[in-house]
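**Q** model this:
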Amino acid sequence: MKTFSKTALISTALVLGLQVPGFATSRDPGLPNSSVTPGATNPLVTQSNIHSTICVSGYTKTIRPPESYTYKLKYTQLDSGYNYKGNTSTSNYEEDHLVPLEVGGNPASVKNLWPEPWLVTWNAGKKDQLENKMHSLVCSGAISLVAAQKVFMTNWIAGYQKYIQ
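**A** You can find the predicted model right below:
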């Protein structure tokens, strides 16, 4: 059986963006690991059809994946190291779409879903505020769909600081 040094295991975990007790990562805990969760868009939502898709009240309910799918995914992601300071209690996370459904995020792609922590400064509640703001801006024509999606795919915290604060 092949053995690995502690340093090699920690280095691998940090490269993968996993939380290693006692070691800090440069990624804010409110942001997903971009190599695991880069975000994904819904190819059925385009700038030309936003007024018949995302801008229709109740649209997201029609495409949201079932809780049985997202809960199982959240549990698996937390168990595999996608957690904050070793906390794997599912109630402390919201399985969230990095690119929100409200701005054309992919509903079921694992590249767009991640366990977003509640017990950090930049938590799910703050991201929800930004989601609502970006949805409003897209539907009013103040910002393009692609520009709104990019806010989430790059750094939603920076987007919050620009559009909410």
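
**Q** could you pull out the helices for the protein?
**A** Here the chain has its helices, by DSSP state H, at 6-16, 59-63, 67-79, 124-140, 145-154, 156-163.

**Q** The ones you listed into CSV, with extra columns for mean pLDDT?
**A** Shown next, in CSV, are those (pLDDT from 0 to 100):
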stretch, mean pLDDT
helix 6-16, 41
helix 59-63, 97
helix 67-79, 94
helix 124-140, 97
helix 145-154, 98
helix 156-163, 97
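
**Q** of those, which approaches residue 51 most closely?
**A** helix 124-140 (7.6 Å; CB to CB). Yep, even glycine has a C-beta here, placed from its N, CA and C like the rest.

**Q** tilt between that closest one and helix 156-163?
**A** Here helix 124-140 runs at an angle of 60 degrees relative to helix 156-163 (axes from the mean of the first three to the mean of the last three CA atoms, to 10 degrees).

**Q** Numbering from 686 from now on, please.
**A** Happy to do that; since the first residue is 686 now, the last one works out to helix 809-825.

**Q** Show me what helix 809-825 is packed up against.
**A** Counting contacts by 3 or more CB pairs under 8 Å, 6 or more residues apart in numbering; DSSP states H and E, helix 809-825 packs against strand 778-782, strand 798-802, helix 830-839, helix 841-848.

**Q** which stretch among the helices of the chain comes nearest residue 781?
**A** helix 809-825 (6.0 Å).

**Q** With that, I have no additional questions.
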